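Q: 3D, please:
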Amino acid sequence: MKRAQLFLVFSLTMSGQVAFDRLRQADLEPGNWLTYSGNYSAHRYSRLNQVTAANVGRLKLAWAYQVKTTEKIETTPLVVDGIMYLSE
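A: Just a heads-up that it's a prediction; the model follows:
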């Protein structure tokens, strides 16, 4: 039942599906992580360049989310237009 509720909440919060063309060209949107591996080429690498060897030591926690379950989150989160989606 809990999984069904989570699915319902997930479904209701999405304003629409990501179009296939957008998924196919996901590498053109480095600020989003639209598929499990980042894009259909499965690079699993972000082209964002804010974190460098010169500034990595100054990184600090910006936010954290504590899941309310003992279940594992087994996939990478998806990020679509500034919203992060998790599955468990």
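
Q: can we go C-alpha only for contacts and neighbour counts from here?
A: Noted.

Q: name the residues of stretch 35-50 that come out as buried.
A: Applying a neighbour-count criterion of 16 or more other Cα atoms under 10 Å, one finds 35, 37-39 buried in stretch 35-50.

Q: what distance separates the opening and closing residues of that stretch?
A: In stretch 35-50, first residue to last residue: 21 Å (Cα to Cα, to the nearest Å).

Q: next one: it to chain centre, how far?
A: Its chain's average C-alpha position is 10 Å from that of stretch 35-50, according to Cα atoms, centre = their mean, to the nearest Å.

Q: state the mean pLDDT of stretch 42-58.
A: Average pLDDT, stretch 42-58: 91.

Q: what is the end-to-end distance of it?
A: So stretch 42-58: terminal residues 29 Å apart, Cα to Cα.

Q: other residues contacting that stretch?
A: Residues outside stretch 42-58 that contact it (Cα atoms under 8 Å, 6 or more residues apart in numbering) are 30-31, 36-38.

Q: 7 Å instead?
A: Residues outside stretch 42-58 that contact it (Cα atoms under 7 Å, 6 or more residues apart in numbering) are 30, 37-38.

Q: does the residue of the chain most remote from its centre belong to a helix, a strand or coil?
A: In the chain, residue 54 marks the outermost C-alpha relative to the chain mean, sitting 25.6 Å out by Cα atoms, centre = their mean. When classified by DSSP: H, G, I helix; E, B strand; the rest coil, residue 54 comes out as coil.

Q: if we can go back for a sec, show me the buried residues of stretch 35-50 that map onto helices.
A: Among these, DSSP state H puts none in helices.
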